[in-house]
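# Give me a model of this one.
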Amino acid sequence: MNRLSVLANRRMAAVLLLGFSSGLPLALTGNTLQAWMTDTGVDLKTIGIFTLVGLPYALKFLWAPFLDRFTLPWLGRRRGWILLFQFVLALLLTAMAFSSPTLQTEMVAILALLVAFSSASQDIAFDAYRTDVLREKERGLGAGISVLGYRIAMWASFSITLIIADFIGWKIAYLTMAGIMLLNMLGTLNGPEPENPGKAPLNIQEAVIGPFREFFSRQGAVILLLLIILYKVGDAFAGSLTTAFLLRGVHFTLTEIGVIYKALAIGATIVGALWGGLLMTRWSLFRSLMIFGVLQAVTNLMFMVLAWFGKSYALMILVVGLENLAGGMGTAAFVAFIMALCHHNYTATQFALLTSLAALGRIFIGPASGFIVEAEGWVIFFLVTTLAALPGLWLLWLMRDSVKALDNSASSE
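Numbers count the residues shown, from 1 in each chain. Predicted coordinates:
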């Protein structure tokens with residue numbers, strides 16, 4: 001029993017450290033890089049074009065089969081790739097540190113694109129490793145712990161980097177992040193191998209076709225895909241204009257939003273993900289998805305109350321806190337759901353495809369939000385976001401037997 005406890009701790013520690021490693025590079029090619037370019041006088045048009053360097057995160061499913069098919073000669077099929085990309089990221093961040101956005105703009109763009117590609121590739125391998133290494137009852141808690149590591153890393157790579165840059169300079173700031181990325185390799189080296197790592201596809205053709213063939217061989221596969229698209233839609237719909245609502249709808253200042261909303265949202269999301277993960281160690285996957293999904297919908301209604309009453313610090317703290325708490329719980333359950341759907345032979349490809357599919361709902365529903373607010377106002381908008389959550393909950397109820405079967409099934413074995 002003690003040995004099992006130690007192994008569980010090693011699994012959770014690895015997920016925490018690798019979640020941190022996964023979150024660290026994102027801001028360094030996003031908001032942090034924008035701050036560096038703005039600080040050194042790069043024009044806004046160029047800064048706007050640089051947002052395209054994040055494209056690999058949306059397209060990572062294209063090369064995920066390659067990571068499923070091939071195993072490097074160290075640390076197994078998943079950790080081997082993670083270690084390689086961590087080392088490459090440290091080298092690329094070091095190269096960025098010795099570059100200048102004003103004098104070597106094209107070089108910085110190429111390096112940033114390579115960082116984004118390597119970071120997205122690390123994410124592919126990490127998502128597959130987390131799915132393979134965690135046992136069924138650990139998935140929710142593991143998802144919450146990885147969110148904790150990811151959020152801490154995003155905060156560090158933005159806030160800490162900016163503070164170092166302000167006092168010492170951008171070169172030292174990026175070198176510091178490169179050093180931290182090297183340290184992350186210790187987490188990879190110390191992580192345990194999955195108990196059921198699955199079998200690598202025999203060739204690239206199987207690595208590409210196999211994940212689709214395996215998934216669509218399941219009963220109700222198409223409805224499961226619709227459920228993945230719709231489960232978080234209501235939550236994402238409301239989140240698409242939350243900042244605009246707080247600014248224009250109830251007239252909070254930028255400082256108030258920055259200090260209260262952002263800090264509270266991050267903290268509540270982390271607490272929600274961890275709390276949801278802990279509850280999932282005792283609850284079934286279906287029960288967790290349903291309860292957390294209902295909470296996500298209900299907290300959207302609370303924004304209607306804030307819209308009715310107008311500016312209120314107490315109400316804003318209550319609404320934002322509960323909404324992000326429920327969102328974090330829903331995220332833990334949703335990630336655990338996707339992990340449960342993945343077959344161990346094709347974890348990298350299936351996880352990348354399913355998470356890309358999940359983003360479709362957020363992408364296509366977002367543009368409608370502004371039109372609804374302009375036509376009907378904020379109260380009706382948040383009512384619509386609540387109604388948008390209902391189809392996902394209905395599909396979840398419709399597929400309850402399939403979801404319940406995932407708790408004891410070998411669908412991913």
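
# and Leu295, what does it touch?
For Leu295, the contact set (Cβ atoms under 8 Å, 6 or more residues apart in numbering) comprises Ala326, Met329, Gly330. In short, each C-beta sits where N, CA and C put it, glycine included.

# try 6 Å
Taking Cβ atoms under 6 Å, 6 or more residues apart in numbering, we find Leu295 in contact with Ala326.

# Over to Leu89?
Applying Cβ under 6 Å, 6+ apart to Leu89 gives the contacts Pro25, Ser118, Met181.

# among these, which ones are buried?
Buried members of those, counted by 16 or more other Cβ atoms under 10 Å: Pro25, Ser118, Met181.

# who touches the closest residue to Arg69 other than its chain neighbours in this structure?
Ranked by Cβ to Cβ, 6 or more residues apart in numbering and with sequence neighbours excluded, the top spatial neighbour of Arg69 is Ala207, at 3.9 Å. By Cβ under 6 Å, 6+ apart, the residues touching Ala207 are Pro65, Asp68, Arg69, Pro201.

# tell me the phi and psi of the second one?
Which is Asp68. phi -70, psi -40 (degrees, to the nearest 10).

# who are the neighbours in contact with the most centrally placed residue in the chain?
Centroid-nearest residue in the chain: Val147, 7.3 Å away (criterion: Cα atoms, centre = their mean). Listed by Cβ under 6 Å, 6+ apart, the contact set of Val147 reads Ala273.

# Now the helix or strand containing it - C-alpha only, CSV.
Using DSSP states H and E, Val147 falls within helix 139-155. These are the backbone C-alpha positions of helix 139-155, laid out as CSV (Å, rounded to 0.1, in the frame of the first residue of the first chain):
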residue,chain,number,x,y,z
ARG,A,139,-7.9,11.6,-13.9
GLY,A,140,-10.0,14.4,-12.4
LEU,A,141,-7.5,15.3,-9.7
GLY,A,142,-4.7,15.0,-12.2
ALA,A,143,-6.4,17.4,-14.5
GLY,A,144,-6.8,19.9,-11.6
ILE,A,145,-3.2,19.6,-10.6
SER,A,146,-2.0,20.1,-14.1
VAL,A,147,-4.2,23.2,-14.3
LEU,A,148,-2.5,24.4,-11.1
GLY,A,149,1.0,24.0,-12.6
TYR,A,150,-0.1,25.5,-15.9
ARG,A,151,-1.6,28.6,-14.3
ILE,A,152,1.4,29.2,-12.1
ALA,A,153,3.7,29.0,-15.1
MET,A,154,1.6,31.4,-17.1
TRP,A,155,1.7,33.9,-14.2
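
# Distance from that helix to the middle of the chain?
How far helix 139-155 lies from its chain's middle: 9 Å, per Cα atoms, centre = their mean, to the nearest Å.

# next structured bit after it?
Using DSSP H and E, the helix or strand that follows helix 139-155 in sequence is helix 161-167.

# What residues sit buried inside the helix or strand following that next one?
For helix 161-167, the succeeding helix or strand toward the C-terminus, using DSSP H and E, is helix 170-190. For helix 170-190, burial by neighbour count (16+ other Cβ under 10 Å) applies to 170-171, 173-178, 180-181, 184-185, 187-188.

# Return the member of the residues you listed nearest to Trp283.
Distance to Trp283 across the buried residues of helix 170-190 (Cβ to Cβ) is lowest for Gly187, with 28.7 Å.
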